[in-house]
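Student: would you be able to build a 3D model of this:
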Amino acid sequence: RDAKGAVTPKTTWFENEDADRTLALKEFNALKSADRVVFTTFHQSMSYEDFVEGIKPSLTSTSVGYIIEDGFFKQISNKASKDPKNNYVLIIDEINRGNIANIFGELITLIEDDKRTTIWDEKALKYVDNPESITVWLPYTKKKGPEFCVPGNLYIIGTMNTADRSV
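Tutor: Modelled structure (predicted):
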C-alpha cells in the first residue's frame, strides 16, 4: 500500500508529480462533497464529545431534552465501514493544539493498523476482515448500539504548523 492509492483507486492527480493544483482542488472538493473527506482543526476546547460522541441538548418549542450525538470521527468511521470499496480520509489540522488523550479517548488504540476491522490484502488487492481487530462499547451509547470499530479504509492525516516549537 502506498499514499498514491489512499483516496481513490482510479488514476488521479497525485500519481503525477507535475500535478495541477486546480485539478487537485477539484478532486478534493468532490470527495469532500461526497463525505469521503472530512477536514477539521483541533483546538484547546475540542473534546471527545465533539470528536467521537457526546450528549447534546435537544430543544423543542415546549421542552428541553438530551440526545446522544455522533461526532465527526464516528460518522466517517461508520461511513467507511459501510463502504469498503472506497477510501475515506480524516484530515486533522493543528493536531498538536488539542489534548489527544482527551479527544481520542479509548480510540487511540483502535486507530492502529493491526487493531482495525479490515486490513489491506496485497495479493487480493482488497480489504479483508482482520481476525485480530478490536471493537469497543463507547461510553455514551454503551450496549444500545453496535460496538464501535475503525475500518482499514479510513486514513487519518494529522498536520501541524512547523513554526510551533511547543511540541
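Student: elements contacting the longest helix along the chain?
Tutor: The helix spanning the most residues in the chain, taking DSSP state H as the definition, is helix 21-33. Secondary-structure packing of helix 21-33 (3 or more CB pairs under 8 Å, 6 or more residues apart in numbering; DSSP states H and E): strand 37-41. (C-beta placed from N, C-alpha, C; glycine too.)
Student: what angle do the strand it packs on and helix 21-33 make?
Tutor: Counting by axes from the mean of the first three to the mean of the last three CA atoms, to 10 degrees, strand 37-41 lies at 90 degrees to helix 21-33.
Student: which residue ranges of the protein form helices?
Tutor: Going by DSSP H, the chain shows helices at 21-33, 48-51, 72-82, 100-104, 107-110.
Student: Gly54: neighbour count?
Tutor: 18 (other CB atoms under 10 Å).
Student: report pLDDT for it.
Tutor: Note for Gly54: predicted pLDDT of 91.
Student: cool, and Arg97?
Tutor: 87.
Student: quick one: low-confidence ranges for the protein?
Tutor: Regions of the chain meeting the criterion pLDDT under 70 cover residues 1-19, 164-167.
Student: over to the residue of the chain most remote from its centre: give its phi and psi.
Tutor: In the chain, the residue that sits farthest from the middle, by CA atoms, centre = their mean, is Thr62; the gap is 36.2 Å. Backbone geometry at Thr62, expressed as degrees, to the nearest 10, gives phi -120, psi -10.
Student: got JSON lines for the helices of the chain, with distance to Pro151 and mean neighbour count too?
Tutor: Shown next, in JSON lines, are those (distance: least, CB to CB, whole Å; neighbours: other CB atoms under 10 Å):
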{"stretch": "helix 21-33", "distance to Pro151": "17", "mean neighbour count": "13"}
{"stretch": "helix 48-51", "distance to Pro151": "17", "mean neighbour count": "20"}
{"stretch": "helix 72-82", "distance to Pro151": "5", "mean neighbour count": "19"}
{"stretch": "helix 100-104", "distance to Pro151": "16", "mean neighbour count": "15"}
{"stretch": "helix 107-110", "distance to Pro151": "10", "mean neighbour count": "16"}
